[in-house]
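> quick one: sequence plus predicted model below, questions after.
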Amino acid sequence: MTDTRVNRLAASDRNMEIHMMLRWFCSALVSLSFLAPALGQGQEEESEDSTKYEIQEVVSIGTRTVERMIDIPYSVFRVDKKELAYGKKISARDVLADVPGLFLQSRYGNHDLKISLRGFGTRSNSGVRGVRILQDGIPESEPDGETVVDDIDFTSLATVEVVKGNLSSLYANAPGGVINFVTDLYFPRSFAAILGQAGKYGYRLSGIKVGLENLSNRMLFTYNYSNHNGYRAHSAEYQHLVNALYETYPGQNTTLTVLGNYMRGLNKLPGSLTREEFTADPFQANPLAISQDFKRVTSKGRLGIRYRTRFGETESNELEITSYGGIKELEGADNLVYRFTTRYSLGTMLGFTHRSRIFDDRNNVLTVGMDYAFQAGPVTEFENINGVKGASVENEYYESLSNIGFYLLDRVELVTDRLDLFLSGRLDRNSFTRDIWIPFGFTDTTRAFRKFAPKAGLNYKLTHSIALYTSYGLSYDFPALSEMANTPLSSAPQYSINPDLGP
């Protein structure tokens, strides 16, 4: 009886265990049936989120038409917008500090900037030489190759495009490369902002920024005022800077852009020190710089307009027309001379690109264009009397330079999506004129230089993000207007232009 009851209890316990296991199993199945759609949905979302889309960066300065960076046989670098969002943006040194192979050095504070790309680029009397500087695709460089970047608003940049190496086959006076400062015009919504920066040695910057946008128009306006006491004696400066950019879209494939800027500023120059003076006090100024009040007062304004359109059945044709004009006035004092310089400039750029298929459906991109630039103006020199302009004119002359260049670039796809051949060339003619008004005794002269700069390159894409390239070309650096003045030691000192100087 007892054994039977025990057996029944054991059997009952086994039945309860089996029942509990079945109940747990059924509950687990029910739970999984509810979780399965959620798990599946989570996997789908994870799959969608983990999908990576590779966006190829495009630039226009390396080929003078919009191309992917991976397709260009040159060293191209873009300063990312995120890098520009933080940190000080006082000068070009701040926004270009991370560019590999680029060396920047200023003579006094932020001015007389020297830019060297891979060792090429020399300092001139008044700015950058050997490197072509653009702002939103319009030349900031003068026709003679000299550049002053004081009128670029570094607080409103979207990116900076840098091409390192010889680009004389596409641009005049670009043996060292090209740098294009691009304004941040494509903001997501209209805005208004107040800017402010402060730093050591009395540095202050304040300004306003206004951006307006709708479906067919965009506009950005900025005004900055900055002043700086300088870290050396007699090195104070101030600057007013206005930049405006307006873009409208008359048609689906047409863009009309108007660009304008104005800058006025004063820079006190402390002059150079001897080693003994620097060791004694590195913050002092050259005594002569103080007594003669070394300084530079600059006023510069420019207005440009650009028209771009694509046309054809497949929009395979691109046309760009750009015209610009400006005026620059420079008042400067050094140890001997109080000088007034005026420069009027005009320019036009024409570019046409045709994209087609050749040789068994291989891509071919042909670009042809013309650049014309002209600058002229008088230079008047007085005696510098303790920082004050003297009464009599010591020297007065009129300088002018015209540059016209024709370029061609053809990119042929030799192996589909792999190997491209680049052939480019540019023919330039530079004409210099120098008329001496005071003192007399010099023969007014004109000189002209003609040079052709060819280049060939190969670009082989290993992957979508890695490419091998090589190129070979010739480059020419034409003299600047200030370098063409004759010297008593030349072969013909009676002329106003140096007969021995050439590209």
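Happy to help now that I have it. These numbers were taken from a predicted model, which means no experiment stands behind them.

> under a three-state scheme, what state does the most centrally placed residue in the chain occupy?
The residue lying closest to the centre of the chain (C-alpha atoms, centre = their mean) is residue 180, at 2.1 Å. On the three-state scheme (DSSP: H, G, I helix; E, B strand; the rest coil), residue 180 is labelled strand.

> for it, give the beta-bridge partners.
Beta-bridge pairing for residue 180 (DSSP bridges): residue 134, residue 161.

> I'd guessed it sits against residue 161; true?
Yes. Residue 180 lies in contact with residue 161 (C-beta atoms under 8 Å); the separation is 4.3 Å. Just so you know, the C-beta spots here come from the backbone N, C-alpha and C atoms, and that holds for glycine as well.

> tell me, what's touching the two both at once?
60, 61 (C-beta atoms under 8 Å, 6 or more residues apart in numbering).

> mind listing what whichever helix or strand residue 301 is part of pairs with, with the direction of each?
Using DSSP states H and E, residue 301 maps to strand 295-311. Its sheet considered, strand 295-311 pairs with strand 254-268 (antiparallel), strand 317-333 (antiparallel) by DSSP bridges.

> what is the burial count for residue 375?
Counted with other C-beta atoms under 10 Å, the neighbours of residue 375 add up to 21.

> any chance of the strands paired with strand 295-311 in a markdown table, with mean pLDDT and distance to residue 67 too?
What follows is the strands paired with strand 295-311, written out as a markdown table (pLDDT from 0 to 100; distance: least, C-beta to C-beta, whole Å):
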| stretch | mean pLDDT | distance to residue 67 |
| --- | --- | --- |
| strand 254-268 | 95 | 18 |
| strand 317-333 | 95 | 11 |
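
> got those as JSON lines, with mean neighbour count and distance to residue 479 columns?
Formatted as JSON lines, the strands paired with strand 295-311 follow (neighbours: other C-beta atoms under 10 Å; distance: least, C-beta to C-beta, whole Å):
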{"stretch": "strand 254-268", "mean neighbour count": "18", "distance to residue 479": "26"}
{"stretch": "strand 317-333", "mean neighbour count": "18", "distance to residue 479": "19"}
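
> and the helices in the stretch 1-150 of the chain?
Taking DSSP state H, counting those that start in this stretch as the criterion, the stretch 1-150 of the chain carries its helices at 2-49, 81-85, 92-95.

> quick one, what contacts the closest residue to residue 467 other than its chain neighbours?
Distances taken as C-beta to C-beta, 6 or more residues apart in numbering put residue 461 closest to residue 467, at 4.6 Å, once the chain neighbours are dropped. Taking C-beta under 8 Å, 6+ apart, we find residue 461 in contact with 70, 71, 417, 418, 419, 467.

> so for the helix or strand encompassing residue 469, mean pLDDT?
Secondary structure from DSSP H and E places residue 469 in strand 467-473. Mean pLDDT, strand 467-473: 95.

> tell me what that strand is packed against?
Applying 3 or more C-beta pairs under 8 Å, 6 or more residues apart in numbering; DSSP states H and E, we find strand 467-473 packed against strand 445-461.

> and the strand it packs on, which strands flank it?
strand 419-438 (antiparallel), strand 467-473 (antiparallel).

> tell me which of these sits most buried.
strand 419-438 (a mean of 19; mean count of other C-beta atoms under 10 Å).

> now that one, how far from the centre of its chain.
21 Å (C-alpha atoms, centre = their mean, to the nearest Å).

> quick one: average confidence on that strand?
94.

> for residue 63, find the nearest of the strands paired with strand 445-461.
Minimum separation from residue 63 across these (C-beta to C-beta) falls at strand 419-438, 8.0 Å.

> for the chain, what helix or strand is lowest in average pLDDT?
helix 2-49 (a mean of 43; mean pLDDT, DSSP states H and E).

> tell me the strands beside the lengthiest strand in the chain, with direction?
Secondary structure assigned by DSSP state E gives strand 388-415 as the longest strand of the chain. According to DSSP bridges, strand 388-415 forms sheet pairs with strand 362-385 (antiparallel), strand 419-438 (antiparallel).

> any chance of TSV for the ones you listed, columns distance to residue 320?
Below are the strands paired with strand 388-415 laid out as TSV (distance: least, C-beta to C-beta, whole Å):
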stretch	distance to residue 320
strand 362-385	8
strand 419-438	17
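
> got a list of what residue 294 touches?
Per C-beta under 8 Å, 6+ apart, neighbours of residue 294: 234, 268, 269, 270, 271, 286, 288, 333, 334, 335.

> at 7 Å what do you get?
269, 271, 333, 334 (C-beta atoms under 7 Å, 6 or more residues apart in numbering).
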